[in-house]
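Q: Just a sequence and a predicted model for now, questions to come.
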Amino acid sequence: MTERFVIAILVENQPGILTRVASMFNRRGFNIDSLTVSETETHEYSRITISLTGDDGICRQIIKQLKKLYNVKEVKVMDRQKSVFRELALIKLKNVPETRQEILSAVDIFRSKIVDFSPSTLCVEITGETSKIEAFIALVEPLGILEMCRTGVVAIERGCHYLNSDTSL
Amino acid sequence: MILTGAEIVVETLIEQGCKTVFGYPGGQVINLYDALYTRSDRIQHILTAHEQGAAHAADGYARASGEVGVVIATSGPGATNLVTGIATAYLDSIPMVAITGNVPNSLIGKDSFQEVDITGVTLPITKHNFLVKSVDKLADTIREAFKIAKSGRPGPVLVDIPKDVQVASYPYQACPVVEKKMSKKAKGDKLSRAAQMIAESQKPYVYFGGGAVSADISKEITELADKIDAPIGCTMMGLSAVPVNHPRYLGMEGMHGHYASSVSQDEADLIITIGARFSDRATGNVSKYARKAKIIHIDADGAELNKNVSAELGIECDVKDALQRLISLVDQKKNPEWMARIAELKAEEQVQFEKVTAKDRITPYALIQETAKHTEADTPVVTDVGQHQMWVAQYYPFRNSRTFISSGGLGTMGFGLGAAIGAAKATGKRTVLFTGDGSFGMNLNELATVSAENVPVVIVIMNNHVLGMVRQWQTLFFQKHYSNTDLHERKTDFVKLADAFGIRGYRIQDLSELSAVIEKAFAENSPALIDCAIYEDEFVLPMLPPGGCIEDIITERSDK
Ligand SMILES: Cc1ncc(C[n+]2csc(CCOP(=O)(O)OP(=O)(O)O)c2C)c(N)n1
Ligand SMILES: [Mg+2]
């Protein structure tokens, strides 16, 4: 059964490490839905968040292959129930009188915001779980999406659980 | 002590116990070669004819000794020439450190002369690699490279050193040899479960791969098999870890495995797998592989568990420790029916063998047996890739572990001569290379190295004048369309070739000459080459066709 997994990876903050991680996925034929890299609470490590679709076996295999990479410190599948997932999208839409009201109410309902407004275009910023963003996109798609970009998922566990096993309260 | 980067490299190699390195100089390692020059009392450098040969030599050195093999090359083409050698070591999990020079930091990224991003190129074929940007990191990086190369599941590590780092100076202090990182110990409950599964089985089969060679567990394997009354089979990479004459030993299984070994694996109800990775060459069609068996998979690399086949019980651990503990956990068993069945299969195999092995010509079997009369238990036996490799794997009477040296995972034609040089250097023993006319043609330039170093290697070319392995597939699966596999037109005179390199050369064309000529070749402990003509349509049998299963096994030729 295939489902979506979000894997958080703590890696040493060194040049080339993103290539190593990405290359492993490529070489072993694992598809990535989204990938983000960012700074963390310490300068020593960066955090990579990868979202992908696959079955349990593939997920386990990926975890093991990631753990073998030299600069990888921690790897964890983010638990659906016990983590917060967020992603941000910027969506540029046609700004015409016929659809404007519809867009504005969609923006309102989804608690997103307009971050740019020009005579012919407007741009919406929306933050939330992937499912929310996808629902919004589905809603405004018929109204003409001119351009779109998404950050990909980031995730963090709730409560006193940390990716870095050295971290404690 | 303030040293230059180049000197630091050499001192660190010495400190890490490296006595021999293989390589080829060039502009971006000229400083390193200068440092080698002044320390030639402590570390021997073997100049090869080609960097690929040097990489295979370092690999052969590692396989024969269990030590980390070291190879050095210059930037650009020197570094890219290592690629096949590094990939060969990677696929067979061989500990190796490759050191390359690169253009100075200031020229990196400018497409400078002989600049190649070799860490990028070798990313998927190294266990890890490093670009050392400053001299203060140099010694520790090399130490770390050794540690990674030999820890857990071994593998090659590349260290790329820009020229300015070799020129810069930095204090150096010798350190002890880095210890390998110990693999974790198997969990007790998993071993108890394994013991339980063994107790419940009636037809256990002990199965090992290259991991058994690197973990040095020959003794544990036979002990376990004795205790649970099981036959022993292996992958090609496992060969030599258990002596061929051991009564429980059935030999290699898989595509060209021994009949009894493959069939009994299919009939087994439990396969205890140690340090093997279920490659397609070993399993055939995985969905039909060992359908009646439960699998226990014990491996140093957790990522191998459930990668190709799913195991009832997977244990990621230090395999030697795990086996020793498992042996003490299991009770002495007796499986008389199963062992009787094994004996029956062995008898069947013998009948098949007699049927397909000619007596009136030089068969690969006869050639191998005749050669083996002149070798010892610890003689390294190296092969290239093709039919000859399979025949050696099937018929050579291996006695000591680490004496079978062959490219398994990558199947690299041209591996043999370089690897034989490395094995001979590592062991100080006379070494035998079985090669094919095709494979030998790929790297025969290393005859220059053999000659210069007077490496005592006896090269046996099984000369069928064809790319025999490919031809066999063409015969079986491509209506005998021998597309580009016939080498008769090459007219290479290998005896003259040997002569040109200052090496003794012999020719065998008829069965009547076989034993006398081989004896002559082995009479002196100096390099020799034997060009032995064999029949072009000799088959490697049995054969499980690619993607096939045990029912598809081919045991004799039906095309004639
Ligand atoms: C570098 C490389 N190129 C191509 C192949 C494909 N290949 C496998 S076996 C073989 C034929 C080998 O011929 P030879 O060395 O004469 O051995 P024989 O099979 O005749 O004993 C070839 C071309 C390979 N394994 N390696
Ligand atoms: Mg041939």
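A: Thanks, I have the structure now. Ligands and ions are numbered 1, 2, ... in the order given.
Q: Give me the nearest residue to residue B:321, chain neighbours excluded.
A: residue B:185 (5.5 Å; CB to CB, 6 or more residues apart in numbering or on different chains). For glycine as for every other residue, the C-beta is placed from the backbone atoms N, C-alpha and C.
Q: what secondary structure does the one you found sit in?
A: Under DSSP: H, G, I helix; E, B strand; the rest coil, residue B:185 falls in the coil class.
Q: For it, give me its contacts.
A: Going by CB atoms under 8 Å, 6 or more residues apart in numbering or on different chains, residue B:185 touches B:317, B:318, B:321, B:322.
Q: buried sites along stretch B:99-119?
A: The neighbour-count check on stretch B:99-119 (16 or more other CB atoms under 10 Å in any protein chain shown) flags B:99-105, B:107-108, B:112, B:114-116, B:118-119 as buried.
Q: That should have said stretch B:415-431, apologies.
A: Buried-residue list, stretch B:415-431, by 16+ other CB under 10 Å: B:415-427, B:429-431.
Q: ok, now how distant is the residue nearest to residue B:321 from residue B:438?
A: 46 Å (CB to CB, to the nearest Å).
Q: Which residue ranges of chain A form helices?
A: Taking DSSP state H to define them, one finds helices in chain A at A:17-27, A:56-68, A:97-109, A:130-140.
Q: Let's have those in CSV, adding mean neighbour count and distance to residue B:401.
A: Formatted as CSV, the helices of chain A follow (neighbours: other CB atoms under 10 Å in any protein chain shown; distance: least, CB to CB, whole Å):
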stretch, mean neighbour count, distance to residue B:401
helix A:17-27, 16, 31
helix A:56-68, 17, 26
helix A:97-109, 13, 70
helix A:130-140, 16, 53
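Q: Of all those, which one comes closest to ligand 2?
A: Closest approach to ligand 2 among these (CB to the ion): helix A:17-27, 32.0 Å.
Q: Report the contact partners of the residue nearest the centre of chain A.
A: In chain A, the centroid-proximal residue (CA atoms, centre = their mean) is residue A:153; its distance is 1.3 Å. By CB under 8 Å, 6+ apart, the contact list for residue A:153 reads A:6, A:34, A:36, A:49, A:51, A:85, A:86, A:87, A:130.
Q: So which bits of stretch B:463-479 are buried?
A: B:463-472, B:474-476.
Q: what does it rub up against?
A: The contact list for stretch B:463-479, computed with CB under 8 Å, 6+ apart, reads B:385-388, B:390, B:436-438, B:480-488, B:490, B:494, B:531-540, B:543, B:545, B:554, B:559.
Q: Out of the residues you listed, which end up buried?
A: By neighbour count, with 16+ other CB under 10 Å, the contacts of stretch B:463-479 hold B:385-388, B:390, B:436-438, B:485, B:487, B:494, B:531-534, B:536, B:538-540, B:543 as buried.
Q: which helices and strands does the strand ranked longest in chain A pack with?
A: For chain A, the strand with the greatest residue count under DSSP state E is strand A:83-94. Under the contact criterion of 3 or more CB pairs under 8 Å, 6 or more residues apart in numbering or on different chains; DSSP states H and E, strand A:83-94 touches strand A:121-128, helix A:130-140, strand A:145-150, strand A:154-157.
Q: Measure how far it is from the centre of its chain, please.
A: Chain-centre distance of strand A:83-94: 9 Å, with CA atoms, centre = their mean, to the nearest Å.
Q: Just the angle for it relative to strand A:121-128, thanks.
A: Here strand A:83-94 points in a direction 170 degrees away from that of strand A:121-128 (axes from the mean of the first three to the mean of the last three CA atoms, to 10 degrees).
Q: who does strand A:83-94 pair up with?
A: strand A:121-128 (antiparallel), strand A:145-150 (antiparallel), strand A:154-157 (antiparallel) (DSSP bridges).
Q: Using CSV, write out every CA atom in that strand.
A: Presented in CSV, the C-alpha positions along strand A:83-94 are these (Å, rounded to 0.1, in the frame of the first residue of the first chain):
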residue,chain,number,x,y,z
SER,A,83,4.0,16.0,14.4
VAL,A,84,3.2,19.4,12.9
PHE,A,85,3.5,19.6,9.1
ARG,A,86,3.6,22.9,7.2
GLU,A,87,4.2,24.0,3.7
LEU,A,88,3.8,27.4,2.1
ALA,A,89,2.7,28.2,-1.4
LEU,A,90,2.7,31.4,-3.5
ILE,A,91,0.0,31.3,-6.2
LYS,A,92,-0.4,34.0,-8.8
LEU,A,93,-3.8,34.3,-10.3
LYS,A,94,-5.6,36.3,-13.0
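Q: Up against ligand 2, what does chain A have?
A: Contact residues (CB under 5 Å from the ion) of chain A with ligand 2: there are none.
Q: How is chain A divided into domains?
A: A:3-77, A:84-154 (automatic domain parsing).
Q: Among those, which comes closest to ligand 1?
A: Across the domains of chain A, ligand 1 has its closest neighbour in domain A:3-77 (20.2 Å, CB to the nearest ligand atom).
Q: tell me which parts of chain B are close to ligand 2?
A: Chain B has residues B:436, B:437, B:438, B:464, B:468 near ligand 2, with proximity defined as CB under 5 Å from the ion.
Q: ok, residue B:299 - contacts?
A: If a contact means CB under 8 Å, 6+ apart, then residue B:299 has B:153, B:211, B:273-277, B:305, B:314-317, B:319 as its contacts.
Q: Considering those residues, which is situated nearest to residue B:352?
A: residue B:276 (25.0 Å; CB to CB).
Q: Show the backbone phi and psi for the residue nearest to residue B:321.
A: Dihedral pair for residue B:185: phi -80, psi 150, per degrees, to the nearest 10.
Q: Does residue B:419 touch residue B:57 like I think?
A: Yes - the pair residue B:419 / residue B:57 is scored as a contact, 6.7 Å apart, by CB atoms under 8 Å.
Q: Burial check on the residue lying closest to residue B:314 once chain neighbours are set aside, number of neighbours?
A: Nearest residue to residue B:314, sequence neighbours excluded (CB to CB, 6+ apart): residue B:305, at 3.3 Å. Residue B:305 has 23 neighbours, counted by other CB atoms under 10 Å in any protein chain shown.
Q: How about residue B:188?
A: By the criterion of other CB under 10 Å, residue B:188 has 10 neighbours.
Q: now it: how far from ligand 1?
A: To ligand 1, residue B:188 is 44 Å away according to CB to the nearest ligand atom, to the nearest Å.
Q: How about residue B:76?
A: Applying CB to the nearest ligand atom, the value for residue B:76 to ligand 1 is 22 Å.
Q: Distance-wise, check that residue relative to ligand 2.
A: Here the distance between residue B:76 and ligand 2 works out to 33 Å (CB to the ion, to the nearest Å).
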